[in-house]
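Student: pasting the structure only:
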């Protein structure tokens, strides 16, 4: 299982001009469809005088949730080429919006596809692409006498300690690569007296 994925670090912009038409592009890091709806609402308000506000997005480390929208442009000429740029870089958790100001000259189907593709490409060229790791959180509870056994597993598996508390019982919250979760849980289950909390 691959627990690495690529996304953009922060928002970036791009532009493409063709026969008087201007295509302003914006690449924005996103996590869910709710925030995407809000962002689109804001951009439609901000660019209320634009002819089209087209977009595409990809969500989730498995890259299974996506959408492409032509916003009135001929079918497949805007959203698809924008999504194509996200796919060609294998990105996720990203929204690309391309705002078109019409310049009076029709670009035709192939002209539109090129324009939206190049505008989206420009925004991504200006973005910093980062690789992230899918993490799982494990909470454990144990007696102080088990501390050495626990720390050995934490070190061996490169887990990050997010929280720890030492009272009569020790509690620890750790973050691990998703692909190693079951291995670590199995290791902890072998320690007598340790409790894994869900």
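Tutor: Received, thanks. None of these values were measured; they are calculated from a predicted model. Numbering: from 1, shown residues only.

Student: what comes up buried for stretch 2-10?
Tutor: 3, 5, 6, 7, 8 (16 or more other Cβ atoms under 10 Å). For every residue, glycine as well, the C-beta is placed using N, CA and C.

Student: cool, and stretch 11-22?
Tutor: Buried-residue list, stretch 11-22, by 16+ other Cβ under 10 Å: 11, 12, 14, 16, 18, 21, 22.

Student: quick check, nearest of these to residue 122?
Tutor: Using Cβ to Cβ, residue 14 comes nearest to residue 122 of these, at 2.8 Å.

Student: what's the neighbour count on the residue nearest to the closest one when sequence neighbours are not counted?
Tutor: Distances taken as Cβ to Cβ, 6 or more residues apart in numbering put residue 122 closest to residue 14, at 2.8 Å, once the chain neighbours are dropped. Using other Cβ atoms under 10 Å, residue 122 is surrounded by 21 other residues.

Student: list the contacts for residue 58?
Tutor: For residue 58, the contacting residues are 65, 66, 83, 86, 87, 91, 92, 93, 94, by Cβ atoms under 8 Å, 6 or more residues apart in numbering.

Student: pLDDT wise, what is residue 1 at?
Tutor: Note on residue 1: pLDDT of 51.

Student: wait, residue 134 sits on residue 61?
Tutor: Yes: counting by Cβ atoms under 8 Å, residue 134 touches residue 61, with 4.8 Å between them.

Student: between those two, what contacts are shared?
Tutor: With Cβ under 8 Å, 6+ apart, residue 134 and residue 61 have common neighbours 3, 5.

Student: how about the strands in the protein?
Tutor: Applying DSSP state E to the chain gives strands spanning 4-8, 12-18, 21-29, 52-59, 65-69, 94-101, 129-133, 135-143, 160-166, 169-177, 195-197.

Student: roughly how far does the spatially most central residue of the chain sit from residue 71?
Tutor: In the chain, the centroid-proximal residue (Cα atoms, centre = their mean) is residue 93; its distance is 1.9 Å. Distance of residue 93 to residue 71, given as Cβ to Cβ, to the nearest Å: 22 Å.

Student: so who does the residue nearest to residue 8 when sequence neighbours are not counted touch?
Tutor: Distances taken as Cβ to Cβ, 6+ apart place residue 127 nearest to residue 8, at 4.2 Å, with adjacent residues excluded. Residues near residue 127 by Cβ under 8 Å, 6+ apart: 8, 9, 10, 11, 12, 27.

Student: got CSV for the residues you listed, with pLDDT and distance to residue 157 too?
Tutor: Below are the contacts of residue 127 laid out as CSV (pLDDT from 0 to 100; distance: Cβ to Cβ, whole Å):
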residue, pLDDT, distance to residue 157
8, 97, 29
9, 96, 27
10, 97, 31
11, 97, 34
12, 98, 35
27, 98, 34
